[in-house]
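missing the sequence, but the structure's below:
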């Protein structure tokens with residue numbers, strides 16, 4: 001399995017509506033933190049997550065969170 005590319009060393013904070021989202025796990029997407037299909041051929045696949053209610057979220061962009069897709073501060077150790 002390939003290692004992800006670090007898209008950024010800080011989370012992105014977004015107000016998202018309830019619904020399904022696909023979080024980029026490879027770091028190659030030009031639509032960070034969401035998947036745009038750039039993972040093709042990497043052995044990595046996007047991670048689907050669902051929000052039951054509209055809310056503010058901090059999504060990981062370093063790709064090393066132990067609680068994906070949400071930031072857990074892992075970027076501070078990179």
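Structure's in. What do you need? The structure presented is a predicted model; accordingly, all values stated were derived computationally and were not measured. Residues are numbered from 1 along each chain as shown.

What ranges in this structure fall below the confidence cut-off?
Filtered on pLDDT under 70, the chain yields the residue ranges 1.

What ranges does it have for its strands?
Assigned by DSSP state E, the strands in the chain fall at 12-16, 19-23, 47-51, 55-59.

okay, these in a markdown table with distance to residue 3 next?
C-betas here are computed from N, CA, C, even on glycine. As requested, the strands of the chain are exported to a markdown table (distance: least, C-beta to C-beta, whole Å):
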| stretch | distance to residue 3 |
| --- | --- |
| strand 12-16 | 21 |
| strand 19-23 | 17 |
| strand 47-51 | 16 |
| strand 55-59 | 19 |
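
Next, format the ones you listed as TSV and append mean neighbour count and distance to residue 34.
What follows is those, written out as TSV (neighbours: other C-beta atoms under 10 Å; distance: least, C-beta to C-beta, whole Å):
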stretch	mean neighbour count	distance to residue 34
strand 12-16	12	10
strand 19-23	15	6
strand 47-51	12	10
strand 55-59	15	9
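
so what's residue 53 closest to, chain neighbours aside?
residue 18 (5.3 Å; C-beta to C-beta, 6 or more residues apart in numbering).

surely the one you found meets residue 49?
No. Counting by C-beta atoms under 8 Å, no contact exists between residue 18 and residue 49, whose distance comes to 11.7 Å.

List the contacts of the nearest residue to residue 60 once chain neighbours are set aside.
Leaving aside its sequence neighbours, residue 60 sits nearest to residue 71 (C-beta to C-beta, 6+ apart; 4.6 Å). Residues in contact with residue 71 (C-beta atoms under 8 Å, 6 or more residues apart in numbering) are 11, 58, 59, 60, 61, 65.
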